[in-house]
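1. Prediction below, plus the sequence it came from.
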Amino acid sequence: MSGKTITQSLTSGATGPVDASSASTVTAAAPAVRQTLAQNRAARELELKRGEFDLAVRLGRIRTVPDEGGGGRRVTRAEIDRVRSEDGFPETLRERVKAVGTSQGAALMDVTTARFTRFARLGLVVPVKFYLNRYRAVVWLYPAEELREFAEKKENAPLLKGRTPEGLRDQLGAGLDLRARNWRGRHLGSLLRQTENPWARAAAVASLLDPAQVAEIVTDPYERAHLERHRPDQHTHGMPDSPAARIVARIMTAADPDEISWLRADLANGLKEARDHRPAPRPTAIPGTPDLAHHRQPSPGEHRQPAGHRRPVELRRAREPWPPVGVQRPAEVRRPVHVRRPGEPRRPAEVRHAIDEPERPKGLLSWLRRRNS
């Protein structure tokens, strides 16, 4: 609520003149409330495209705060002013958040695309983003600023020009590819930077594990539901359970045993902190209603019958045929049908008997009809 609104409500509700000093105090206190902007508005203020803005947030170039109203992340006015005051704005900011593919990355580092791909598989350069092309091939994108810094370091000169060391060649020959794992690590770090809620931090770790792994650690169904409520937004490609969606799910799920072990331990620690911070909400039982979540315990001396057990009366009824052999069912008993001779007209009663309809009840109306006929 702005200071102008507060001042107007005070002056309109007063019966007499309002002290100017008190009104100015309320008006001056209102700007203490932190002014925030939506992400779309912040991107326009910083002269960035929405994709560039999202990448800047992921890389930590722009800090965001949670929305007090429960919406998405927002950007404070102070953060906007800080970024705009940097030297070279906005060209410098655009260069810092620029992401390039394999061909452009190889050109920046002055190496071949094959060598650049080996760097990425070995984990020497870490992707920041990915997407699927029309052939469902994964296209990895890398921060251009990090690639330039890697190429400028003197200790990396032998890797850029010389022969790849034998140990690294053996790892590549064994099928090593750390691109997906390194992306997951960077993605998790970005998620943890954007929240201080212990449940949200634990949910960020759980989002990278298989649901079966999460169920082994979080055995309480109410805690799993609470984690799911805080689960971060997932990358979606195509319809659920489509080939593209399965590829994305495979990238976003930890696969290496050591990575799974590290994430499981991190989830267990984060879950303990979340429990200490605030237990997961549970449904409140209404007084006077039975607890349907638990089965009734047998009383002392009462023997609980196993599942599928039948009482002797039920067994006898199941063995006895119904109806008894040789006895015709009542529904099968039919009235005799009168055989009409050739040329003989049909009578109404015979028609009713032939089609097996019940006979109309006899009464005063029927007697009067027969009398008049």
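-> Yep, that arrived.

2. Pairing partners for Leu132 in the sheet, please.
-> Taking DSSP bridges as the rule, Leu132 bridges to Val138.

3. OK, contacts around Asp276?
-> Contact analysis of Asp276 by CB atoms under 8 Å, 6 or more residues apart in numbering lists Pro198. Where you see a C-beta, it was placed from the backbone N, CA and C, and this is true even at glycine.

4. I'd like the average pLDDT over whichever strand or helix holds it.
-> Assigned by DSSP states H and E, Asp276 belongs to helix 257-277. For helix 257-277, mean pLDDT rounds to 96.

5. and that helix, which residues are buried?
-> Buried residues in helix 257-277, counting neighbours by 16 or more other CB atoms under 10 Å, are found at 260, 263-264, 266-267, 270-271, 274.

6. Name the SS class of Val57, please.
-> With DSSP: H, G, I helix; E, B strand; the rest coil as the basis, Val57 sits in helix.

7. and Leu191, helix, strand or coil?
-> The three-state label given to Leu191 by three-state DSSP is helix.

8. residues contacting the nearest residue to it once chain neighbours are set aside?
-> Closest residue to Leu191 apart from its sequence neighbours, by CB to CB, 6 or more residues apart in numbering: Ala204 at 4.0 Å. Neighbouring residues of Ala204 by CB under 8 Å, 6+ apart: 188, 191-192, 195, 232.

9. Which SSE is immediately downstream of the helix or strand harbouring Ala204?
-> When elements are assigned from DSSP H and E, Ala204 belongs to helix 198-206. Downstream of helix 198-206, the first helix or strand assigned by DSSP H and E is helix 211-217.

10. Any buried residues in that following helix, and which?
-> Neighbour-count burial for helix 211-217 flags 213-214, 217 (criterion: 16+ other CB under 10 Å).

11. check which helix or strand covers Gly105.
-> Using DSSP H and E, Gly105 falls within helix 102-109.

12. relative orientation of whichever helix or strand comes after that helix and helix 102-109 in degrees?
-> Using DSSP H and E, the helix or strand that follows helix 102-109 in sequence is helix 113-122. With axes from the mean of the first three to the mean of the last three CA atoms, to 10 degrees defining the directions, helix 113-122 sits at 100 degrees from helix 102-109.

13. what residues does helix 113-122 touch?
-> Under the criterion CB under 8 Å, 6+ apart, residues 102-103, 105-106, 109, 111, 125, 127, 140, 142, 159-160, 164, 168, 171-172, 176-179 lie in contact with helix 113-122.

14. and Arg84, how many residues sit next to it?
-> Applying other CB atoms under 10 Å, we find 13 residues neighbouring Arg84.

15. Return the residues in contact with the closest residue to it other than its chain neighbours.
-> Nearest non-adjacent residue to Arg84, counting by CB to CB, 6+ apart: Leu46, 6.9 Å away. By CB under 8 Å, 6+ apart, the contact list for Leu46 reads 53, 56, 62, 80, 83-84, 90, 93.

16. do His235 as well
-> His235 sits next to 248, 252 when contact means CB under 8 Å, 6+ apart.

17. what's the helix or strand in which Ala245 is found in contact with?
-> Here Ala245, judged by DSSP H and E, is contained in helix 243-251. Helix 243-251 is contacted by residues 130, 132, 136, 138, 180, 183-184, 235-239 when judged by CB under 8 Å, 6+ apart.

18. which among these end up buried?
-> Neighbour-count burial (16+ other CB under 10 Å) applied to the contacts of helix 243-251 gives 130, 132, 138, 180, 183-184, 237.

19. any chance of those residues in TSV, with distance to Gln39 too?
-> Listed next are these as TSV, based on distance: CB to CB, whole Å:
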residue	distance to Gln39
Phe130	21
Leu132	24
Val138	26
Ala180	27
Trp183	22
Arg184	23
His237	22
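
20. In helices, which of the residues you listed appear?
-> Among the buried ones among the contacts of helix 243-251, the members falling in helices (DSSP state H) are 180, 183-184.
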